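S.K.: Sequence and predicted structure are below.
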Amino acid sequence: MPTTLNTDLFVLEPQNVLLAVVGFSLTIHLIFKRYEPPSVIIQIVLLLAIPCLLSTMLFAHMNAFKAFIITFATYYFTLCSSIVLYRLSPFHPLARYPGPIMCKVSKIWLAYVASKGKQHLYIQDLHNRYGDAVRIGPNELSFNDANAVSAIMGSHGLPKGPNWGGRLFHNPIRSLIAIQDPREHLIRRKPWNRAFNTGSLKELQPLLAARVGQLVESVGKQEGVVDLSAWISFFTYDFMCDMAFGGGSEMMRDADPEGTWKKMEQGLSFALWLDHLPWLGYYAKVVQAAASDSFEFRTMAIKRIQERQRGGANRRDLMYFLTNEDIGGEQPVTRVLVADGILAIVAGSDTTSSVLSNAFFLLMTHPKVYERLQAEVDRYYPPGENALDSQHHPKMSYLDAVINETMRMCPAVMSGSQRTTMAGTGGKAIGSHFLPEGTQARLHFYSVQRDPRNFSDPNSFWPERWLIAGGHMAFSEKLVHNPNAFVPFSHGPANCVGKSLAMSEMRIVICQMMQKVNMKFAPGWNPQNWERDLEDRYVTKKGSLPVIIEKRG
């Protein structure tokens, strides 16, 4: 008689199948803990294909649907339980650092908080409750310590963190701000340094003056209530397109018919989810509908760059330097130009717009400061004097004090820049704290700059503190003023390359506005709405600023 194979020998009891499911799930946790697979295919295999295959071992005992449900429930319950228990256990490398349980378990919680726009206040509250080093993620710490500035962001500090990979959908071509390798960053920054050196900035002055003049003339012609915040945004965007691409935007003339500014801000809002959950960036095609504003803004930027490349250089704009036309060097690939072009627009327009809008808001809520700055402007730029000329700026100490105080209270980037301890480095000491390999760290700018240990009466808008600290004003009481805690343009080799241009831009705008017009809040508008509407979207997102503009005699 022919022999038959006894298939019962290959059928495991249900409890043994479930033990195998548990074992595989724990193994997957170890894989993700030691090596987070960057490939979407590998992730699908580990998280979907394996439990699917394991479920077939239950087909001999139940129908397929029930087998799938039981297998997946067991698989993911074990995986999630293992992850949570490990992250909350004393064996985790960051176990000694305090923080909310939800933050220790997953960055999903902080991503949710960030989506509401008040991440800066939430993290500040955590520092008030837990101290200078707070665990804000399973593998991430936030620092509120001015002594940590150099250790985290200095020349011997930490490289950029994995959040930038997520924000850029893990595109291998990164903009300057997202480069992790210090050597690559140094090379890529060279054309930016040439674009923002003293000679190049001097060439930009007539262009900047023309745009500032257009801004003041435009708001001066408006009747009734003017949204000053929106007009400043139009100005900064127009100017940055001039500076980066030689032109291409006329928002101050045509408003924003394509909704470019809105798309840019909404794209930044979505990017916050990718900032905290960078693995989402691997699924760029899947989440493209949710990130449509990011992709549309990118498309607009590509269009600007293509127009610039076809038209050539009519002035020494940023693209002139990024394409190495000034030195006759090799031109980078288009994708590099796109990445850096987008960076120039966002970093140059959104941040400057935020500081200027906050400055005018704070001036109008502090009449004595307004009057003192008005007097300084009138002293150096009386009627008939060209306030678009920057020749008097070095002598205008109160102007700089107002700008610095605005940036201290309302930094354009509130929650800082994520850094990381790379594999193979052995970790990093941050003062009395040690960060193991694979740990992310942020210096929380908003908290550091509003810490009473660093600045007297830190929540008060008091520009005079900068005059006292600079020796321009006498003060009988003890002044707490820590310049190391003031990082409005970041710090170290990856600091803001456009700092000098931004300062020049803000000085000229404020001087021209103060010389030509008077500003006051629109009747019935509650100034508390301004702070309510300020949101931390990596860069500070602002609401409307309704004012009445009156031309000065």
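M.R.: That came through, no problem.
S.K.: and Gly281, how many neighbours?
M.R.: By other Cβ atoms under 10 Å, 23 other residues sit near Gly281. No exception for glycine: its C-beta is placed from N, CA and C like everyone else's.
S.K.: Now it: closest residue in space that isn't a chain neighbour?
M.R.: Leaving aside its sequence neighbours, Gly281 sits nearest to Gly166 (Cβ to Cβ, 6 or more residues apart in numbering; 3.8 Å).
S.K.: Make sure the one you found is actually in contact with Leu274.
M.R.: Yes - taking contacts as Cβ atoms under 8 Å, Gly166 lies within contact range of Leu274: 3.8 Å.
S.K.: Next, show the common contact partners of the two.
M.R.: By Cβ atoms under 8 Å, 6 or more residues apart in numbering, Gly166 and Leu274 have these common neighbours: 280-281.
S.K.: neighbour-wise, which of these two wins?
M.R.: Shown here are Gly166 and Leu274; by other Cβ under 10 Å, Leu274 has more neighbours (25 against 22).
S.K.: Was I right to think that one contacts Arg167?
M.R.: Yes - in this structure, Leu274 is within contact of Arg167 by Cβ under 8 Å, at 5.0 Å.
S.K.: what touches both of the two?
M.R.: Contacts common to Leu274 and Arg167, judged by Cβ under 8 Å, 6+ apart, are Gly281.
S.K.: Just name the shakiest helix or strand of the protein by mean pLDDT.
M.R.: helix 292-311 (a mean of 77; mean pLDDT, DSSP states H and E).
S.K.: If you count contacts, what does that one end up packed against?
M.R.: Packing partners of helix 292-311 (3 or more Cβ pairs under 8 Å, 6 or more residues apart in numbering; DSSP states H and E): helix 228-245, helix 260-276, helix 318-322, helix 334-345.
S.K.: give me that answer again for 6 Å
M.R.: Under the contact definition 3 or more Cβ pairs under 6 Å, 6 or more residues apart in numbering; DSSP states H and E, helix 292-311 sits against helix 260-276, helix 334-345.
S.K.: Can you point out the buried residues in stretch 459-478?
M.R.: 461-469 (16 or more other Cβ atoms under 10 Å).
S.K.: Tell me which residues are up against that stretch.
M.R.: 362, 366, 397, 401-402, 404-405, 479, 481 (Cβ atoms under 6 Å, 6 or more residues apart in numbering).
S.K.: Sort those by pLDDT and name the bottom one.
M.R.: Across the contacts of stretch 459-478, the bottom pLDDT score, 95, is held by Leu479.
S.K.: roughly how far apart are the residue nearest to Leu46 when sequence neighbours are not counted and Phe445?
M.R.: Computed as Cβ to Cβ, 6+ apart, the closest residue to Leu46 that is not its neighbour in sequence is Ile28, at 5.3 Å. Distance check for Ile28 against Phe445: by Cβ to Cβ, to the nearest Å, it reads 37 Å.
S.K.: Quick check on these two: which one has the bigger neighbour count.
M.R.: Taking other Cβ under 10 Å, Ile28 and Phe445 do not tie; Phe445 has more neighbours (26 against 18).
S.K.: On the pLDDT front, check that one for me.
M.R.: 98.
S.K.: ditto for Trp462
M.R.: 98.
S.K.: now do the one 5 residues further on
M.R.: Model confidence at Leu467, given as pLDDT, is 97.
S.K.: okay, the helix or strand harbouring it in PDB with CA atoms only?
M.R.: Using DSSP states H and E, Leu467 sits within helix 464-469. Extracted in PDB, the C-alpha atoms of helix 464-469 (Å, rounded to 0.1, in the frame of the first residue of the first chain):
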ATOM      1  CA  GLU A 464      16.900  98.900  28.200                       C
ATOM      2  CA  ARG A 465      18.500  95.600  29.500                       C
ATOM      3  CA  TRP A 466      20.600  95.600  26.300                       C
ATOM      4  CA  LEU A 467      21.800  99.200  26.800                       C
ATOM      5  CA  ILE A 468      22.700  98.500  30.400                       C
ATOM      6  CA  ALA A 469      24.600  95.300  29.500                       C
END
